[in-house]
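Engineer: mind folding the following:
(2 chains)
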2 protein chains.
Amino acid sequence: MKRLYGGIEAGGTKFVCMVATGPDDVVEEKRFPTASPEETIQQTNSFFAPYARRGELAALGIASFGPVDLNPASPTYGYITTTPKTDWNNVDLQGGVSRALELPVVLDTDVNAAALGEHYWTAENNLLDPFVYITVGTGIGVGVLANGRPVHGLVHIEAGHFAIPHDRQKDPFPGSCPYHGDCLEGLGSGTAIHRRWGKNAEALPDSHPAWELESEYIALALINLIYAYSPQRIVLGGGVSQHAGLHEIVRRKVQQGLNGYIQSPMLLKAIDEYIVPPSLGNRSGVLGAIAMAIDLVKS
Amino acid sequence: MKRLYGGIEAGGTKFVCMVATGPDDVVEEKRFPTASPEETIQQTNSFFAPYARRGELAALGIASFGPVDLNPASPTYGYITTTPKTDWNNVDLQGGVSRALELPVVLDTDVNAAALGEHYWTAENNLLDPFVYITVGTGIGVGVLANGRPVHGLVHIEAGHFAIPHDRQKDPFPGSCPYHGDCLEGLGSGTAIHRRWGKNAEALPDSHPAWELESEYIALALINLIYAYSPQRIVLGGGVSQHAGLHEIVRRKVQQGLNGYIQSPMLLKAIDEYIVPPSLGNRSGVLGAIAMAIDLVKS
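Structural biologist: Numbering: from 1, shown residues only, chains lettered A, B, ... in the order given. Now for the predicted structure:
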């Protein structure tokens, strides 16, 4: 009976709920806007309740916006902690779902889940390690698998806030990060683009100088991720990165920045297969949550 | 009989060879300058030969300068590949030792080995994951354990070459890295210090402005490592970092740079226990090589 898995992508603007056994066997999927914690968690639980009642669900995974407490030994494991969305501060997301549905629930960051989803469900990624997922959208987030598992640590990876070079003559914009000003996210996120140019990224034409600058910041992000992890593949996702032709420019700038220092055929010759868009489109996170639920049952 | 392990720290300027079962049971240790590959490998093998002949050695570990080929499936596994020390290009270090001594030999980077040594032999480090070792000396190198094991990937970690902010008004030095100019190593290594100030780091007094600048670059390195890995501890070693008081200044600058973004008591209150000098002094690498040999026999 218990052959299905639940996946939740808990985002700051929308929630995605899914019942599935994998990308090719999605039983039901629902998207709704993120409201108050009580309302949103209740809506989530209502979606899964019929499946839980019928004993069809083995476990659930949550791919959550953050920061979240990922330490299983902590009394606030599975809580969203100190997010700028202040009504979600100190919300027990994992417990709110697991208690209502009486099911085992595992939680990770949205980006770690997306990394896992792309790794788990894509045959050509499955053996690649370390494996990096970076999303460039409103913010910049990074998830990483190393030695077979998502990387957790003191808190979680925050590579969106890398300190990177900022040429103020070329780009006088001071940066949009409330903590660091001109960190990577402060210079290269969708928020930074909107503040710098007064328009959303989608409204900027291909010929706009924004894209040259944006591709430089994304390339710096990838270069630092390559130095940090020596990943075997990088999935570059998120709304901003989907701009036509951006991947191609980023790849060239990564090669220029590395300047031949890392002697790997993947970087020198096959970079088109090395820096790739998500195979699962906008479902990497929720399908990663499904994979987390499967792994939880296995372990 | 086979109760001893061999450790080799293969450095660009010196080799350290050790027979031991751990830091408190070192049977013999020898240091000699690095010469030609043939001569140096022969000297290494001569050191271990009596132990091997008596059947006392179970395995050897090598902590090597690089770049090295760490891919066990590669025909050049265990080779030093394209080092600036050109006579060591394409040298089969692992094979040169294992064939002569007829023993199993495992090889990793000097910095991964140092990370392992500090992790394996230091009780308070042993459960911390991810675990980062950074050395700031002539060059800058980083080794990382994540999910219990050293991180290997496309090649190996090269976080010494992070792209970091460079304020050319404050520091007009263009950087010393032959590949990237003002990357982290180009700005913060012992080589950069020598070129910028015309003196070796050891010759610069505490009051010299070099130290303020150096602590900023090291802090930027640690900040990016914290964002990349969320490590549970960072060991900061290497000759330059041993300058009196430097660790303390670096810790403060790391806190300033993070600016409260990462809400962890380790960073906010206990940073003195978070960024620490090596427990094993200058033996982290060779004792890490001993730990690698022990792990090889176990596996």
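Engineer: where does the closest residue to A:Leu213 other than its chain neighbours land in three-state SS?
Structural biologist: Closest residue to A:Leu213 apart from its sequence neighbours, by Cβ to Cβ, 6 or more residues apart in numbering or on different chains: A:Asp171 at 5.9 Å. In this view, the C-beta of every residue, glycine as well, is placed from N, C-alpha and C. What DSSP: H, G, I helix; E, B strand; the rest coil gives for A:Asp171 is coil.
Engineer: what's the burial count for A:Asp171?
Structural biologist: Neighbour count for A:Asp171, taken as other Cβ atoms under 10 Å in any protein chain shown: 17.
Engineer: state the distance from it to chain B.
Structural biologist: Between A:Asp171 and chain B the distance is 13 Å, computed by Cβ to the nearest Cβ, to the nearest Å.
Engineer: list phi and psi for that residue.
Structural biologist: Taking degrees, to the nearest 10, you get phi -140, psi 90 for the backbone angles of A:Asp171.
Engineer: mind listing what it touches?
Structural biologist: Residues counted as contacts of A:Asp171 (Cβ atoms under 8 Å, 6 or more residues apart in numbering or on different chains) are A:Leu187, A:Arg196, A:Leu213.
Engineer: mind doing that once more with 10 Å?
Structural biologist: Taking Cβ atoms under 10 Å, 6 or more residues apart in numbering or on different chains, we find A:Asp171 in contact with A:Asp182, A:Leu187, A:Ala192, A:Arg196, A:Pro209, A:Leu213, A:Glu216, A:Tyr217.
Engineer: repeat that for A:Phe173.
Structural biologist: A:His166, A:Gly181, A:Asp182, A:Gly186, A:Leu187, A:Ala192, A:Ile193, A:Arg195, A:Arg196, A:Trp197, A:Leu213.
Engineer: quick check: it vs chain B, distance?
Structural biologist: 15 Å.
Engineer: mind pulling up the pLDDT for that residue?
Structural biologist: Here the pLDDT value assigned to A:Phe173 is 98.
Engineer: A:Val144: what's it in contact with?
Structural biologist: Applying Cβ under 10 Å, 6+ apart to A:Val144 gives the contacts A:111-112, A:115, A:129-134, A:150-152, A:156-157, A:159, A:225, A:228-229, A:231, A:234, B:130, B:146, B:151, B:228-230.
Engineer: and if we set it to 6 Å?
Structural biologist: Residues near A:Val144 by Cβ atoms under 6 Å, 6 or more residues apart in numbering or on different chains: A:Pro130, A:Val132, A:Val151, A:Ile157.
Engineer: burial of the last one, as a residue count?
Structural biologist: Counted with other Cβ under 10 Å, the neighbours of A:Ile157 add up to 26.
Engineer: I'd guessed it sits against A:Val142; true?
Structural biologist: Yes - the criterion here is Cβ atoms under 6 Å, and A:Ile157 meets it with A:Val142 at 5.3 Å.
Engineer: return the member of the contacts of A:Phe173 nearest to chain B.
Structural biologist: Distance to chain B across those (Cβ to the nearest Cβ) is lowest for A:His166, with 6.1 Å.
Engineer: look up phi and psi at that closest one.
Structural biologist: The phi/psi pair for A:His166 (degrees, to the nearest 10) reads phi -140, psi 110.
Engineer: how far away is it from A:Pro209?
Structural biologist: Noted for A:His166: a distance of 16 Å to A:Pro209, by Cβ to Cβ, to the nearest Å.
Engineer: which of those two has more neighbours?
Structural biologist: Neighbours were counted for A:His166 and for A:Pro209 using other Cβ under 10 Å; A:His166 has more, 22 against 11.
Engineer: now the more buried one, nearest residue through space, not along the chain?
Structural biologist: Counting by Cβ to Cβ, 6+ apart, A:Asp182 is the residue found nearest to A:His166 once chain neighbours are left out, at 4.6 Å.
Engineer: is it true that the one you found touches A:Gly175?
Structural biologist: Yes - A:Asp182 lies in contact with A:Gly175 (Cβ under 6 Å); the separation is 3.2 Å.
Engineer: can you pull the residues of chain A lying near chain B?
Structural biologist: Residues of chain A lying close to chain B by Cβ under 6 Å from any Cβ of the partner chain are A:82, A:130, A:146-147, A:149, A:151, A:153-159, A:161-165, A:179, A:220, A:223-224, A:227-232, A:259, A:261-264, A:266.
Engineer: buried ones among the residues you listed?
Structural biologist: A:130, A:146-147, A:151, A:153-159, A:161-165, A:220, A:223-224, A:227-232, A:261-262, A:264, A:266 (16 or more other Cβ atoms under 10 Å in any protein chain shown).
Engineer: next SSE after the one helix or strand A:Glu38 maps to?
Structural biologist: Taking DSSP states H and E as the criterion, A:Glu38 maps to helix A:37-53. Heading C-terminal from helix A:37-53, the first helix or strand you meet, by DSSP H and E, is strand A:57-64.
Engineer: so which other helices or strands are in contact with that next one?
Structural biologist: Judged by 3 or more Cβ pairs under 6 Å, 6 or more residues apart in numbering or on different chains; DSSP states H and E, the packing partners of strand A:57-64 are strand A:4-10, strand A:105-109, helix A:110-120, helix A:284-298.
Engineer: sweet, I'm off.
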